[in-house]
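J.: With the input below, show me the fold.
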Amino acid sequence: MAMEKTFNAAEAESRIYDAWEQAGAFKAGANAKRDDTFCIMIPPPNVTGSLHMGHAFNNTLQDILTRWHRMRGFDTLWQPGQDHAGIATQMVVERDLAKEGKRRTDFTRQEFLKKVWEWKQTSGGTIINQLKRLGASCDWSRNAFTMSGAPGAPKGEEGNFHDAVIRVFVDMYNKGYIYRGKRLVNWDPHFETAISDLEVEQVEQDGKMWRLRYPLADGETYQHPVEWDEDGTVTATETRDYLTVATTRPETMLGDTGVAVHPDDARYTHLIGKHAILPLVGRRLRIVADDYADPEKGTGAVKMTPAHDFNDWAVGKRTGLRAINVMNTKAAIALRDNADFAEGCPDDDIARCIEALDGSDRYEARDWIIQTAEAEGWLDGIDADRHMVPHGDRSKVAIEPYLTDQWFVDTSKVVQPAIDAVHNGDVTIMPDQDRKVYLHWLENIEPWCISRQLWWGHQIPVWYTLPPIHISDAHANMKLNRVFSLERLVGTDEGDAANIAHGSSDFRACAATGREAAGIINAYVRQFLTDESAGAEFELMLVRDEAEAIKVLYEEAAKGEYVIPYWQDPDVLDTWFSSGLWPIGTLGWPEDTEALNKYFPTDVLITGFDIIFFWVARMMMMQYAVVGQKPFHTVYVHALVRDEKGKKMSKSLGNVLDPLDLIDEYGADAVRFTLTAMAAMGRDLKLSKDRIAGYRNFGTKLWNAARFAEMNGAISAPTQYRQITDAKQTVNKWIIGEVGRIREDVDTALSAYRFNDAANALYAFVWGKVCDWYVEFSKPLLMDGSPEEQAETRATMAWVLDQCLILLHPIMPFVTEELWQATPNRETMLVHADWPEYGADLVNPEADREMNWVISVIEGVRSARAQMHVPAGLKIPMLVSGLDTTGRAAWDRNEALIMKLTRIDSLTESADFPKGTVTVPVEGATFGLPLADIIDVDEEKARLQKALAKLEKELSGLRGRLNNPKFAQSAPAEVVEETRENLAAREEEEARINAALARLAELG
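T.: Numbering: from 1, shown residues only. This is a model prediction of the structure:
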């Protein structure tokens, strides 16, 4: 059956992909012919996600490596899966509930989680099908999920990833790598949870800077400069009994505990250690010295609110300032029963603030404070100010630095192996700029906040019970043993022990299961039993929280029952904690699985630069901390996909390209090839539909070459992809050698992760060498050659096209598979075809030299004709001088071909070319085109000079912009880069015009 005229991607892609899956083509170990393994881990997309250009780019590169290794016979696994995406998923489900007029809190935690699982079962696999449309050859039978096996997981989610996460937490806790502490975190008031830096986006906004006057305490004053001379020397001062501070967030002043000045600021050195008075509140604020205060900025005096600002927190830690939290989890003012806020402040001031502000929104509080400041005279002024405001990337609400108890990984104890691995070369991160980013971040790492105040996620495996003093009070026959050693307090540290001894803290039991935790708690409680009650039977009762525990304890004690209530920490783990275990968790750890033994450590990780800190670094730390091995040997960090003008894709800009839309329009192969061809390491892609359309045309060119072969009987041999007989015809010898070269080029490029080099080399070879030159060169042999010549050329063409399909398959899997199967009697699908091992040994030097000489003649003549605007269809004579023996032999063997392809009607030898001849120098000869009587030289010169004059104006403008320092400093980076690219393109055009003018000058 004859091939269709065109490749119908819309119809073929799903059919081909289904055939691959039904054949088990992607399963781990499929097509394995050697002991070597290759394993690549997909960066797990969020279960809420849908395919965007970053996914398309990232997964195309992974698929290329996977298909390449699989065809080379490696035991290959591309491990797929999804991340449970705590905040994102909970947000989606809560949004759906809101449509029904319901909220999460209308349900118990277990009821809500059931709804999340239901959503995951019905809607959480969207991105899997989208990745399939891209052609991703993952082993979908091993699809992983970071919440598989969690309590309440439905049928089909029985994996052990949850068990791995919990085991790691317990192990790291017992080793002292994880602790609970009070620190400042990014807090999302909408979701009421801590979030990571990755989940914070900086939004530039117009705002205000308010200047507030804080009175100095105890009659202190200072001299404030009011006049300066031309040299900047102070010539006059005034005595002030207040400090002026400036802030963009006046509402946080309620938590001020100090004022910072620079230690060398002569205005304030005598005030260091003294106090100012906080307006409204009356709190004494210690004046501290710290380099953070910039004498040149504002007044040089900076209000310190350690509980509501990260910089202030750092200053407070250095100088011993108190941290007072004045907001609740919704970012509303929380002053009532806030002992820290009230401490040391006049009762009347506290009562006034509580009445006016308690429970009010932070921005409502801001308005009231400013109005009061203006009325009472301590508002010094207001300045317009444009500044960055951090927002939750999902809630779109301004985040608050918030002081709260959270769980942390003590990164200082686990970071060094991850640093050493890169320094000593065990793990390579490329490009080098991203290696530097990785090392800089790890070498300056902060404790990692791993707790989130959500319901969807891995609930922290820590259980609490009440302090002994509560148990003692509740049960008359129990008493508090206040003398005990740290060793007797399972799972506590010294600070916890001190708190428990005073009856002010709960007890922690860290365990993999509630049953194990109950055993620890039981042993702990029995330490405090008297001899009389030592044999009493206790019922351990799991309750919701501490409040319910106290209620239950006293209710049961009143009945004479011995009940020890305990509850699990309500927080869940940061998504990055579980995804940090992705390499081992997906392979079955902590079980000793065959996959783990075979594929770990994995080989290469392909990921975006934006998650170097949050995922790559954490995988490195955690794999070394848990199993003592590197997770992979290479990290390839790809750049960003931008629009054709270099701007970041954004919905607000309306420049987002949807990969699924592009696949619908151009086919997956065109999209994949475009992304690959532009994947220069460390350089952002500038994606345009024109580029994609161009690479679709490339697929069409390949298809047409296959149809030409079919029409000439050149795709019928069933074993042609394995071998090729010795060719006798020069053109066939030449193309066989070119195939050998391109195979080496592709392997070299892919081995070095130079995806663009592989794609561009294949494009030049397939389009230029095969579809253009070889098809043209073969026509005389196929049409007019002897039967032997025809047979050889058909066999060679069939073999060459097969090699094109094999070498292109990792990048363009669909069209190549379709063409492969257009030939009957294939022994295997292309996805499992053997990758060739031939190379430059296939090159025949004589044939190579001859055919490249022929090509140089044809290209030279065509270029001269185009530059001189010789009509395309016009046949013209040609002269030659100095033709050596080798050139003469090449001409004689290829004369008809050269003359046909260059539109030359004769060749005459001439020692001296007449005036008006354009020369075409090649190796061993100089050809000449006598054009004086064919074109109007003066008219052509005038046309080119006019074009050059216009171009020179454009060049002058572009160079002027780039040479202007202000432009380089103030213009957006993408605008500067676009200008540079425009200049380079115009300079190339200038060179072409000058070359054409030089040729015209030869004509006289």
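J.: How about the secondary structure of residue 181?
T.: Counting by DSSP: H, G, I helix; E, B strand; the rest coil, the backbone at residue 181 sits in strand.
J.: Leaving out the residues flanking it, which one is nearest to residue 402?
T.: Distances taken as C-beta to C-beta, 6 or more residues apart in numbering place residue 187 nearest to residue 402, at 3.4 Å, with adjacent residues excluded. The way it works is simple: take the backbone N, C-alpha and C, and place the C-beta from them, glycine included.
J.: so who does the one you found touch?
T.: 193-195, 329, 331, 399-402, 404 (C-beta atoms under 8 Å, 6 or more residues apart in numbering).
J.: With just CA atoms, put the helix or strand where residue 853 lies into PDB.
T.: Assigned by DSSP states H and E, residue 853 falls within helix 845-867. C-alpha atoms of helix 845-867 as PDB (Å, rounded to 0.1, in the frame of the first residue of the first chain):
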ATOM      1  CA  PRO A 845      38.300   9.500   1.300                       C
ATOM      2  CA  GLU A 846      38.200   9.600  -2.500                       C
ATOM      3  CA  ALA A 847      34.500   9.600  -2.700                       C
ATOM      4  CA  ASP A 848      34.300  12.100   0.100                       C
ATOM      5  CA  ARG A 849      36.700  14.500  -1.600                       C
ATOM      6  CA  GLU A 850      35.000  14.200  -5.000                       C
ATOM      7  CA  MET A 851      31.400  14.700  -3.800                       C
ATOM      8  CA  ASN A 852      32.300  17.600  -1.500                       C
ATOM      9  CA  TRP A 853      34.200  19.200  -4.400                       C
ATOM     10  CA  VAL A 854      31.000  18.800  -6.600                       C
ATOM     11  CA  ILE A 855      28.900  20.300  -3.800                       C
ATOM     12  CA  SER A 856      31.300  23.300  -3.400                       C
ATOM     13  CA  VAL A 857      31.100  24.000  -7.200                       C
ATOM     14  CA  ILE A 858      27.300  23.900  -7.200                       C
ATOM     15  CA  GLU A 859      26.900  26.000  -4.000                       C
ATOM     16  CA  GLY A 860      29.500  28.500  -5.200                       C
ATOM     17  CA  VAL A 861      27.700  29.000  -8.600                       C
ATOM     18  CA  ARG A 862      24.300  29.100  -7.000                       C
ATOM     19  CA  SER A 863      25.500  31.700  -4.500                       C
ATOM     20  CA  ALA A 864      27.000  33.900  -7.200                       C
ATOM     21  CA  ARG A 865      23.800  33.700  -9.300                       C
ATOM     22  CA  ALA A 866      21.700  34.700  -6.300                       C
ATOM     23  CA  GLN A 867      23.900  37.600  -5.300                       C
END
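J.: so for that helix, what's the average pLDDT?
T.: Helix 845-867 shows an average pLDDT of 93 in the prediction.
J.: before we move on, back to that, could you report the distance from the residue nearest to residue 402 to residue 201?
T.: Shown here: residue 187 relative to residue 201, a distance of 15 Å by C-beta to C-beta, to the nearest Å.
J.: who's in contact with residue 96?
T.: Each residue near residue 96 by C-beta under 8 Å, 6+ apart is listed here: residue 119.
J.: just to confirm, which helix or strand has it in it?
T.: Per DSSP H and E: helix 86-99 holds residue 96.
J.: how long is stretch 899-906 end to end?
T.: Terminal residues of stretch 899-906 are spaced 8 Å apart (C-alpha to C-alpha, to the nearest Å).
J.: is it fair to say residue 981 lies in a strand?
T.: No - secondary structure of residue 981 (three-state DSSP): helix, not part of a strand.
J.: Now for the residue nearest to residue 124 when sequence neighbours are not counted, how many residues are close by?
T.: Leaving out its chain neighbours, the residue that sits closest to residue 124 by C-beta to C-beta, 6+ apart is residue 47, at 4.3 Å. Neighbour count for residue 47, taken as other C-beta atoms under 10 Å: 25.
J.: Distance check, residue 47 against residue 577.
T.: Taking C-beta to C-beta as the measure, residue 47 falls 16 Å from residue 577.
J.: I'd assumed residue 286 was in contact with residue 273.
T.: Yes - in this structure residue 273 lies within contact range of residue 286 using C-beta atoms under 8 Å: 7.2 Å.
J.: Neighbour count for those two, which is higher?
T.: Neighbours were tallied for residue 273 and for residue 286 using other C-beta under 10 Å; the higher tally belongs to residue 286 (19 against 9).
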